[in-house]
Every structure is written in C-alpha cells, then in structure tokens.
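Enquirer: sequence unknown, structure follows:
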Ligand SMILES: Nc1ccn([C@@H]2O[C@H](COP(=O)(O)OP(=O)(O)OP(=O)(O)O)[C@@H](O)[C@H]2O)c(=O)n1
Ligand SMILES: [Mg+2]
C-alpha cells in the first residue's frame, strides 16, 4: 500500500528522513502517526525509527537533545519542529515488567517492529509513502482489531502497561480486542500492579475520555484489570454501572467525579481517593467542589448562595455529570438563576477585608463573619454591591 498525498506534518519531516538516508541509514515513520494517518484521525506527533545509532544521528543534525539516549531516542530540531528519532532496537530481560533491563540496538526494521505492542502500532512508512506491514496491521485496522504483535503473553510481560493501552485504544478507536490478546489480558492482569500509578492514570484517563469508553470500561472490568488500580479492587459491582451510563464523559473532571460517585466515596474521602491516583491538587479541588454541589442538588433545590459558592465552572461540570449519570436536574433553571445573581464570585464583591479595616473594624474572626454577612446580603439582592451602600449598611448594623 502506498500513500500518495502525505499530510503536511509528514512532508515537513521528510527532509529529516532524507538526511538519514543520504548518510546511508534506513529511516521510517513509525507508530501511532501511521495508524492515525490511515484512520484519518488527527496526528499529534511523529515518531521516526532509524538504523543509525544515537551518536550517528547526533552527528547528522546540528541541533539535538538527548531525550532518552539510553533507550536510543534523540530529539532532532529541524526548521522549528522537533522529531523523536529512535534507533531500531530490541529489548531483552524485562525483570520488572516495566522497562527493559537492556536495550539492544539493531540494524533491521523488522526486529524493531516485532517488539512493538499491537499490530496497528507496528506499521511503518518510508519516504515514498509505502506502508511496511509485516504483522498484518492493515488488515487489523480494517477489521477494527486490537491484536498484540506475535505472542500477547510476551508483549505484556515486556511492558505490563500495554494491557491498559489495549483498553485505551479500544475506547479511543472504537475497536474490538482480538481473542488471544483478551485471554492474555485476563491471565496477566496482576502484572499491572508493577506499573507506576502515574502511567496507569494517563492511560485510564485516555480510556475514560475516548469515544467508546463505556464499552472499553466493561472490558477493563471483566479482564480484572480494574482489580490492580488504586481503590478499585473488590468494587466491581459498583463500577459495573459505568458501561450503562447515559453518555461517555468528555471532561476529565467529569470522569473522576462520576467514578467517585459510582464508588460511593464519602465527601471527606475524595481528596484521599484522588491522591491515591496521583491526581493534581487542582483536579482534586475541582472534583471535590463538583461532588459537593452534586450532593446539594440531589438533596434539595440549591439556594442562591450555594450556587454562588459553587461558581460557574463547578455548576456547569455538575450539570455535565448529572447528564452522564442520567439524573434529571433542571439545568436550565439553575443556569438562569446563576446568571441572574448580582455577583458571580467572591472577587466580584465591591469591598474586601482591607476596606473593613479602614472603616475601623479589627482584623479577626469577626471581620470574616462580617464579610460573609455582606456577601450573603449582596448575593440575596438585599444590599447593593457598591462601597457606599456597604459602608452605609455597616453603620446601620
Ligand atoms: N508500551 C508501549 C508503548 C509504545 N509502543 C510503541 O511505540 C509507539 C509510540 O508510542 P506512544 O506514542 O506511547 O503511543 P502511540 O501508539 O503513538 O499512541 P498516541 O496516539 O497516544 O501517541 C507505539 O505506536 C508502539 O509502536 C509499544 O510498543 N509499547
Ligand atoms: Mg505517539
């Protein structure tokens, strides 16, 4: 198979491959970029594989960065773009199921491709646009199959994260899992426990935000991969709701909020849960606020002040998770009520602590209480949001 019209992202990288070829080496586009090109999906980065050793690559290009030199990866800067160039390699001895103990550079593309994870990721393309397909990746692309290259047990032993990648690609691409690959996942799921939480989380989020995440999640559960990730062990019955959600989440905040709700994590435990997945403080705070508002909305009609305290982003996110969970809420009414509030966030208040101090009020808890009273009165529309009106209000108090 030959690609006649290469997209511009490949055309700008062509000179890099040509420089390698002119020096007598082989060079190919490899990995996800070829898969996404053939699937007509957006291409985000281009990986190049070459027979040249890292030191040889560095001699050919004036500007390079040693990104992963031990593993054979050099980043080349060319005409303002950067490209990762990796020497053909095989990896032997994966004692810890994560990173190879030893990378052996090889001079043959075939040796390199046969240690890649899935057939659809083991395609290469040369400078003429010819697709090199040594493992029937093209046929699996047509059949919508995620199938390990060669023996799936070996591929997953080499890098257990590949098991998460399998369900992640199912979700992103809407593909099915090939039978032997699925059997290997079921058998080797305990190996996932060896992988760092950060790497698992990144794949989990990609799975959760993929177009087909509910179907991929069902496979994540029934292959028992879910037993190996933070706080999911023994919770299959709760998580089994996920495949039946009304919609797939498309915001990361919604994904985590929905998961925390399905797991029935008490509010005060949300931060621990989020930290166990090594989520950022920002993400943790957002999810805590969403779940707080969700609980409020599920219990009663929120007051204006509760809407004000939640803020616009939290309100929109909460409406989003109610939609995903299929929980009927009067979102339009809530949004209209929020939009009608005299002030939308604390920073909109016309006065601050300093203003009160200047009026002779002593710093301390009293001052905090007074500010809260002012805020409540302004949000309720009982007090105009201006320094003059607030000063007058304080004199009356
Ligand atoms: N655990 C892994 C990770 C990557 N690869 C190989 O390295 C390529 C590039 O890896 P990466 O960029 O992580 O994944 P992509 O397949 O490119 O997917 P994405 O679109 O997420 O970048 C993959 O296509 C695959 O050939 C692999 O064999 N095993
Ligand atoms: Mg990639």
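Expert: Ah, there it is. None of these values were measured; they are calculated from a predicted model. Ligands and ions are numbered 1, 2, ... in the order given.
Enquirer: Next up, the contacts around the residue in the chain positioned nearest to ligand 1.
Expert: Closest approach between the chain and ligand 1, counting by Cβ to the nearest ligand atom: residue 32, at 2.2 Å. In this view, the C-beta of every residue, glycine as well, is placed from N, C-alpha and C. For residue 32, the contacting residues are 43, 45, 47, 121, by Cβ atoms under 8 Å, 6 or more residues apart in numbering.
Enquirer: Please indicate which of these are buried?
Expert: By neighbour count, with 16 or more other Cβ atoms under 10 Å, the contacts of residue 32 hold 43, 47, 121 as buried.
Enquirer: The contacts of residue 32: which ones sit near ligand 1?
Expert: 47, 121 (Cβ under 6 Å from any ligand atom).
Enquirer: Write out the residues of this structure neighbouring ligand 1.
Expert: Within the chain, the positions lying close to ligand 1 (Cβ under 6 Å from any ligand atom) are 31, 32, 47, 116, 117, 121, 122, 159, 161, 162, 165.
Enquirer: Dump those residues to JSON lines, plus pLDDT, secondary structure and distance to residue 381.
Expert: Formatted as JSON lines, those follow (pLDDT from 0 to 100; DSSP: H, G, I helix; E, B strand; the rest coil; distance: Cβ to Cβ, whole Å):
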{"residue": "31", "pLDDT": "94", "secondary structure": "coil", "distance to residue 381": "58"}
{"residue": "32", "pLDDT": "95", "secondary structure": "helix", "distance to residue 381": "54"}
{"residue": "47", "pLDDT": "95", "secondary structure": "strand", "distance to residue 381": "58"}
{"residue": "116", "pLDDT": "95", "secondary structure": "coil", "distance to residue 381": "63"}
{"residue": "117", "pLDDT": "97", "secondary structure": "coil", "distance to residue 381": "59"}
{"residue": "121", "pLDDT": "98", "secondary structure": "helix", "distance to residue 381": "59"}
{"residue": "122", "pLDDT": "98", "secondary structure": "coil", "distance to residue 381": "64"}
{"residue": "159", "pLDDT": "94", "secondary structure": "coil", "distance to residue 381": "60"}
{"residue": "161", "pLDDT": "97", "secondary structure": "helix", "distance to residue 381": "54"}
{"residue": "162", "pLDDT": "98", "secondary structure": "helix", "distance to residue 381": "58"}
{"residue": "165", "pLDDT": "98", "secondary structure": "helix", "distance to residue 381": "54"}
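Enquirer: Drop anything exposed from those.
Expert: 31, 32, 47, 116, 117, 121, 122, 159, 161, 162, 165.
Enquirer: And the fifth one, its phi and psi?
Expert: Phi and psi for residue 117, reported as degrees, to the nearest 10, are phi -70, psi -60.
Enquirer: ok, now how distant is the residue nearest to it when sequence neighbours are not counted from residue 170?
Expert: Leaving aside its sequence neighbours, residue 117 sits nearest to residue 162 (Cβ to Cβ, 6 or more residues apart in numbering; 4.6 Å). Counting by Cβ to Cβ, to the nearest Å, the separation of residue 162 from residue 170 is 13 Å.
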